[in-house]
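Trainee: the sequence and its predicted three-dimensional model are supplied below.
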Amino acid sequence: MMGSGKSSVGIALAERLGWRFTDTDTAITETTGRTIPDIFATDGEEAFRDLESSAVRDAVRADQVVIATGGGAILRPRNREVLWSRCWVVWLAASLDEHCRRVQSSERRPVLDRYSDPVQGAGEVLAAREPFYASAHFTVDTTGLTVEAVVAAILDEWRELAP
């Protein structure tokens, strides 16, 4: 979900593991030369989701990579299938208040543009996505944690689950 810390945690986790880091939103902006809000506004959400699916497929082809996807990537069954079969999927959970606090001063969030009340919108988006997020291999609640603490929790959980 937006504001969960995917990019910050992903970068720190990759650094700790000595792996590469890939952010699918960044891959999309670099490939298209456009911002995510521009793609949403000009081409629509479906076009963005097509680009996102392509970025997910490209990202999972690499070995030893930490991938941060946009929060909506899990909406497409094929993305879930590819991610869950090739990766350890971690849901970085947080309270709705925490998500909203973290994104209030950041870039525009096109998924929330359709709502007159962004907090209500974030709640609806989270409620719709939560069943998909909950199917991750494991969950780390990031509320009140530092990036370093989240990375440590992921590594602890991963070590328990890895063969």
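Mentor: Sure, I can see it.

Trainee: check contacts around Leu75.
Mentor: Arg49, Arg129, Phe132 (CB atoms under 8 Å, 6 or more residues apart in numbering). From N, CA and C alone the C-beta is placed, and that goes for glycine too.

Trainee: spatially nearest residue to the last one, not counting backbone neighbours?
Mentor: With CB to CB, 6 or more residues apart in numbering as the criterion, Phe132 has its nearest non-adjacent residue at 4.2 Å, and that residue is Ile74.

Trainee: is that neighbour in a helix, a strand, or coil?
Mentor: Put simply, Ile74 is helix when judged by DSSP: H, G, I helix; E, B strand; the rest coil.

Trainee: that one against Val82, yeah?
Mentor: No. Applying CB atoms under 8 Å as the test, Ile74 and Val82 come out as separate, 10.8 Å apart.

Trainee: give me the more crowded residue out of these two.
Mentor: Ile74 (22 against 18; other CB atoms under 10 Å).

Trainee: what's the spacing between the more buried one and Thr26?
Mentor: 18 Å (CB to CB, to the nearest Å).
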